[in-house]
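Novice: Return a 3D structure for these sequence lines:
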Amino acid sequence: MNHSVSMANAIIVKFLGTDDSVSTCDCCGKRGLKHAVALETDMGDEVFYGVTCAARALGMATKDVKSRAVDAQTAKRQAEIAAKEKIARDEDNLFGAWLAKQPECVFDWNGKVNRIKTINALGGWTETREMYADRLNYVVGHAG
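Specialist: Prediction:
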């Protein structure tokens, strides 16, 4: 079921979530909103409506607007967490690859880097972290 309505030559096409920092409705100008519903138009603009205005504009019940906004906010939060987790995994993979290239690297019986033994062989966590940071600074400084 696609709820969209023309609003000043734009059509609301997507729920983006809620925003507690916005306290004025872009539709009617009402101030003091506790929760603004963040919506995206077909023009790519983000607008913030109170629940009542969003319900009227979309032809939906206010409870459905609240539910869809909360669902969108939850999905947004989950996507942000997933993106941060991917960055952490990528960084962990880079660190593991760097460890594997160190002459002091210790491998397990299955050919995987034994990180604890390798870090200990490199002088401990503090020294290893400094060596890794120095390598990153060198790579960033010589990237151009």
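Novice: So which elements touch the top helix by length along the chain?
Specialist: Taking DSSP state H as the criterion, the chain has its longest helix at helix 62-100. Where contact means 3 or more C-beta pairs under 8 Å, 6 or more residues apart in numbering; DSSP states H and E, helix 62-100 is packed against strand 10-19, strand 36-41, helix 51-58, helix 115-121, helix 125-141. Where C-beta positions appear, they are placed from N, C-alpha and C, glycine not excepted.
Novice: Which of the ones you listed sits closest to residue 109?
Specialist: Set against residue 109 and scored by C-beta to C-beta, the helices and strands packed on helix 62-100 come closest in helix 115-121, at 12.3 Å.
Novice: and the closest one, how far from the chain's centre?
Specialist: Averaging C-alpha positions (C-alpha atoms, centre = their mean, to the nearest Å) puts helix 115-121 33 Å from its chain's average.
Novice: on that earlier part again, and the helices and strands packed on helix 62-100, which is most packed in?
Specialist: Counting by mean count of other C-beta atoms under 10 Å, strand 36-41 has the highest mean neighbour count of the helices and strands packed on helix 62-100, with a mean of 24.
Novice: Perfect, I'm done here.
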